[in-house]
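>>> Everything below, folded, please.
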Amino acid sequence: FGLLKRQNNIDNQDNNAKTNAKQPAKKRTKAATSLLSTKKSKKVQTKTITTIPTTNNKTPITVELPPLTDSEKCKLANERYHEYISNAMQTSVINVVSSGLSEQDNDMLQVLCKQTKKSAAKVKLAKEFHPQKTTICVVPVELHGDINEEHAMSRNRTLKVMRAQLAGIPIVPPAWVTLCIQQEKVVEPTSSMYIRTLPTKTEQLVATAAAGDTMPKIQLGVANHAARIHQLEKGLLNQCSSVNVLENVFVFLCGKFDASNGSPRKADVTLLLREAGATILSSNAMVNKKLKSFSSVQEGSPPFTLIMLCDASTSDAQCGLSDGLAVACKKSVRESENFVPPGRLLVVNSPWLFDSISCGTKVTGDAYEPCSPRCKELWTICQAKTLVKNNS
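Numbering: from 1, shown residues only. As a prediction, this is how the structure comes out:
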């Protein structure tokens with residue numbers, strides 16, 4: 001009996017050992033199953049993340065950015081400019097473009113180039129603006145005007161100057177050149193030297209905002225855009241935010257845009273549109289497709305704006321807006337209250353683009369009436385609907 005009991009104990013121990021040996025395997029199986037499940041969930045999550053548009057995509061999520069105070073705009077812009085110029089000085093080359101300078105100011109810039117030829121940081125004058133290479137844009141400053149005197153305003157609004165604003169590149173007056181010559185080396189501009197505002201031909205953009213006025217103002221448009229770029233680069237904004245002036249804006253060019261009728265060059269217009277973040281529609285079919293998509297925009301999708309940008313043509317034959325496309329636009333606006341939301345279809349002339357860049361955001365269309373009868377009629381219809389909606 002004792003031997004039998006001892007044998008049973010041994011058998012029980014063997015069974016327990018086998019059970020214990022199997023237990024880790026079960027745990028490992030559960031762990032492996034859990035890991036596999038996690039990997040599967042991660043794969044699903046990755047697919048979800050990749051569908052979220054970012055600033056590198058065509059249609060990033062539109063995030064409402066809180067407004068900045070004037071001091072915040074200048075402070076953040078200065079931080080970007082300081083970092084930008086410091087990095088350029090470390091590479092030993094300061095690439096400068098100029099626009100609209102007097103002969104005397106141009107001569108001074110040439111003197112600075114020669115003076116710094118053997119310096120640690122050399123100034124090189126370039127004829128063309130390049131967003132990835134240009135360090136500073138030098139322009140004449142507006143000494144008098146309605147803009148606050150403590151914030152400098154450019155006298156000119158040329159292609160180079162607008163491109164510099166869109167790229168967040170410092171824009172300074174010739175006083176910076178003089179300061180560098182006096183110091184016999186390249187120095188950073190002082191805060192008061194930076195151009196904060198570009199000029200505009202639309203007076204209401206310059207005037208002080210009245211109560212209830214929703215029209216953007218041009219003051220500090222340059223500083224505001226540079227500040228937003230700095231915030232985005234430093235991770236101070238949502239990763240899905242975009243600071244492009246014309247983000248989610250689709251533009252159809254109406255007309256030839258040549259100098260024969262006083263219009264800006266088409267190449268310049270398309271360049272500014274692309275650098276401002278707009279998408280150019282090249283055919284009537286593409287416009288019709290966007291018109292139809294107004295009614296099919298899913299909830300949560302970024303809202304878009306369709307712009308019919310008109311040149312200075314005064315006749316319907318030359319305006320570039322076909323009768324069929326004009327009819328389709330009018331039908332879309334009139335057919336349904338919610339088909340084309342007010343302000344989402346604009347028919348405007350080319351100064352609308354330049355003023356939007358100056359303000360750092362797309363402006364309304366009421367001050368930008370086209371010249372041709374067909375475009376004027378469509379502009380009137382769009383503006384009437386916007387006015388009715390705002391009054392209601």
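>>> Tell me which residue lies nearest the centroid of the chain.
By Cα atoms, centre = their mean, the mean C-alpha position of the chain lies nearest to residue 244, the distance being 0.8 Å.
>>> Surely it is within a strand?
No: assigned with DSSP: H, G, I helix; E, B strand; the rest coil, residue 244 falls outside any strand and is coil.
>>> any weak-confidence spans in the stretch 251-392 of the chain?
For the stretch 251-392 of the chain, the stretches flagged by pLDDT under 70 are 295-301, 335-342, 385-392.
>>> Apologies, that question was intended for the stretch 1-150 of the chain.
For the stretch 1-150 of the chain (pLDDT under 70), the answer is 1-65, 143-150.
>>> which residues in it form helices?
Remark: helices assigned in the stretch 1-150 of the chain by DSSP state H, counting those that start in this stretch are 2-50, 70-90, 103-115.
>>> sorry, back to before: would you list the phi and psi of the residue nearest to the residue nearest to the centre of the chain when sequence neighbours are not counted?
Once flanking residues are discounted, residue 244 sits nearest to residue 277: 2.7 Å by Cβ to Cβ, 6 or more residues apart in numbering. Placement of C-beta: from N, CA and C, glycine included. Main-chain torsions, residue 277, degrees, to the nearest 10: phi 100, psi 10.
>>> Quick one: the strands in the stretch 151-300 of the chain, in order.
Under the criterion DSSP state E, counting those that start in this stretch, strands of the stretch 151-300 of the chain are mapped to 152-154, 171-172, 195-197, 249-254, 279-281.
>>> TSV please, covering those and showing mean neighbour count and distance to residue 110.
Putting the strands of the stretch 151-300 of the chain into TSV (neighbours: other Cβ atoms under 10 Å; distance: least, Cβ to Cβ, whole Å) gives the following:
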stretch	mean neighbour count	distance to residue 110
strand 152-154	26	21
strand 171-172	25	17
strand 195-197	26	22
strand 249-254	22	38
strand 279-281	17	38
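>>> of all those strands, which lies closest to residue 314?
Of all these, strand 249-254 sits nearest to residue 314, with 12.7 Å by Cβ to Cβ.
>>> same for that closest one, what does it pack against?
Helices and strands touching strand 249-254, by 3 or more Cβ pairs under 8 Å, 6 or more residues apart in numbering; DSSP states H and E, are helix 266-275, strand 279-281, helix 284-293, strand 305-310.
>>> Now with 10 Å, please.
helix 266-275, strand 279-281, helix 284-293, strand 305-310, helix 323-335, strand 345-349, helix 373-391 (3 or more Cβ pairs under 10 Å, 6 or more residues apart in numbering; DSSP states H and E).
>>> Any idea which of these gets closest to residue 248?
Residue 248 sits nearest to strand 305-310 of all the helices and strands packed on strand 249-254, at 6.7 Å, using Cβ to Cβ.
>>> by how many degrees do that closest one and strand 345-349 diverge?
Strand 305-310 and strand 345-349 are oriented at 30 degrees to each other (axes from the mean of the first three to the mean of the last three Cα atoms, to 10 degrees).
>>> Give the burial count for residue 274, as a bare number.
Other residues near residue 274 number 14, with proximity taken as other Cβ atoms under 10 Å.
>>> and the closest residue to it other than its chain neighbours, how far is that from residue 362?
Residue nearest to residue 274 in three dimensions, not counting chain neighbours: residue 280, with 7.1 Å by Cβ to Cβ, 6+ apart. Residue 280 sits 15 Å away from residue 362, going by Cβ to Cβ, to the nearest Å.
>>> Likewise for residue 76?
Note on residue 76: its distance to residue 362, by Cβ to Cβ, is 22 Å.
>>> More neighbours: the two, which one.
Using other Cβ under 10 Å, the more surrounded residue of residue 76 and residue 362 is residue 362, with 24 against 21.
>>> Is the nearest residue to the more buried one once chain neighbours are set aside in a helix, a strand, or coil?
Using Cβ to Cβ, 6+ apart and skipping the chain neighbours, the partner closest in space to residue 362 is residue 356 (4.8 Å). Recorded secondary structure, residue 356: helix (three-state DSSP).
>>> before we move on, the earlier item: wait, what's in contact with the residue nearest to residue 274?
249-253, 269-270, 273-274, 286, 307, 309 (Cβ atoms under 10 Å, 6 or more residues apart in numbering).
>>> follow-up on the earlier one: just put the strands of the stretch 151-300 of the chain in a markdown table and tack on distance to residue 114.
Below are these laid out as a markdown table (distance: least, Cβ to Cβ, whole Å):
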| stretch | distance to residue 114 |
| --- | --- |
| strand 152-154 | 26 |
| strand 171-172 | 20 |
| strand 195-197 | 25 |
| strand 249-254 | 43 |
| strand 279-281 | 42 |
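>>> So which of those strands is nearest residue 88?
Among these, the nearest to residue 88 by Cβ to Cβ is strand 171-172 (13.3 Å).
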